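*Asks:* here are the coordinates; sequence isn't available:
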């Protein structure tokens, strides 16, 4: 049971950060908060982790291409693109689109990891997709066919696709010589380096009393606590089961956005939320394989050749 608290805690922190992203859209530029959050995490981590990283530099050097890929996918594209999306869509929509992650992870895991799909995972993912379509179309899914996604929704979809790939690579590229905190710290450094040029070239708002708490939350909770919980969850439960907890993102985000931002809640939000929770329960409880293994030869029957 304790293992489930890992992804649950991470998803709750990120759901709050989705609302923080929306609040930040009016008080600090996306490039600034995207850079400052990782700079804060790097400053807090460095005194404790840099000495051990330096001692293990010979072990780390051949892993650098993988660490850089993980940092760009999981820290830069996923967690920073949301700040840009917040300028074009609501926090509720951002949370709902986050529930697509389980489906994306399942598809990628089937091809990249050879992970067997269960009926619950497939039907649960489809329920989540239907819930997403219902909410982002404001209760009229047919609108998506004629109008498509708005720019912010599209940005969030790209962010979630990036994070799904991050989850698969995190599982496929084990780095046993690095502790989880060390691996997270190295990815944070990648994020700082990659986002620094964008920060330099972007308009500056500067830190002030309004946006400093938002940067603080993003830098400590969303950049350190949540990724650490998530990396532990993927290592313990695997990417497929962990990602199913993203189905709770719409509910957490919609409620928090309603309380903090006064974003309206409609009946289609409730229906979409029920569908996403139902998807999570289906995936966790219905473990029947999608494809049954080949039937074994019955006693007394010769096994087929080849």
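*Replies:* Thanks, I have it. On a predicted model such as this, the values are computed, not experimentally measured, just so you know. Numbers count the residues shown, from 1 in each chain.

*Asks:* What is the helix or strand encompassing residue 111 packed up against?
*Replies:* Per DSSP states H and E, residue 111 falls inside helix 101-112. On a contact count with 3 or more CB pairs under 8 Å, 6 or more residues apart in numbering; DSSP states H and E, helix 101-112 meets helix 119-136, helix 151-172, helix 239-243. C-betas here are computed from N, CA, C, even on glycine.

*Asks:* tilt between it and helix 119-136?
*Replies:* 140 degrees (axes from the mean of the first three to the mean of the last three CA atoms, to 10 degrees).

*Asks:* on that earlier part again, with respect to residue 111, which of the helices and strands packed on helix 101-112 lies nearest?
*Replies:* Nearest to residue 111, of all those, is helix 151-172, at 8.9 Å by CB to CB.

*Asks:* Packing partners of the closest one?
*Replies:* helix 64-71, helix 78-85, helix 91-98, helix 101-112, helix 226-237, helix 239-243.

*Asks:* most packed of these?
*Replies:* Burial of those is given as mean neighbour count (mean count of other CB atoms under 10 Å); helix 91-98 ranks first at a mean of 28.

*Asks:* what angle do the helix holding residue 111 and helix 151-172 make?
*Replies:* Using the same axes, to 10 degrees: helix 101-112 against helix 151-172 is 40 degrees.

*Asks:* which of the helices and strands packed on helix 101-112 is buried the deepest?
*Replies:* Comparing the helices and strands packed on helix 101-112 by mean neighbour count (mean count of other CB under 10 Å), helix 239-243 ranks first with a mean of 27.

*Asks:* What's the mean pLDDT across that helix?
*Replies:* Averaged over helix 239-243, pLDDT sits at 78.

*Asks:* ok, now stretch 100-119?
*Replies:* Mean pLDDT, stretch 100-119: 73.

*Asks:* thinking again about what came up before, the helix holding residue 111 to helix 78-85, inter-axis angle?
*Replies:* Using the same axes, to 10 degrees: helix 101-112 against helix 78-85 is 140 degrees.

*Asks:* residue boundaries of the helices in the stretch 151-300 of the chain?
*Replies:* 151-172, 180-201, 212-217, 226-237, 239-243, 249-261, 267-285 (DSSP state H, counting those that start in this stretch).

*Asks:* So, low pLDDT: which residues of the stretch 101-250 of the chain?
*Replies:* 112-115, 136, 143-149 (pLDDT under 70).

*Asks:* Can you check which of the helices and strands packed on helix 101-112 gets nearest to residue 64?
*Replies:* helix 151-172 (14.3 Å).

*Asks:* who wins for proximity to residue 5 among the helices of the stretch 151-300 of the chain?
*Replies:* Per CB to CB, nearest to residue 5 of these: helix 226-237, 8.3 Å.

*Asks:* So which elements touch that closest one?
*Replies:* Under the contact rule (3+ CB pairs under 8 Å, 6+ apart), helix 226-237 is packed against helix 2-24, helix 151-172, helix 180-201, helix 239-243.

*Asks:* want to try JSON lines for the ones you listed, with distance to residue 79 as columns?
*Replies:* Below are these laid out as JSON lines (distance: least, CB to CB, whole Å):
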{"stretch": "helix 2-24", "distance to residue 79": "8"}
{"stretch": "helix 151-172", "distance to residue 79": "8"}
{"stretch": "helix 180-201", "distance to residue 79": "8"}
{"stretch": "helix 239-243", "distance to residue 79": "16"}
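
*Asks:* Sounds good, over and out.
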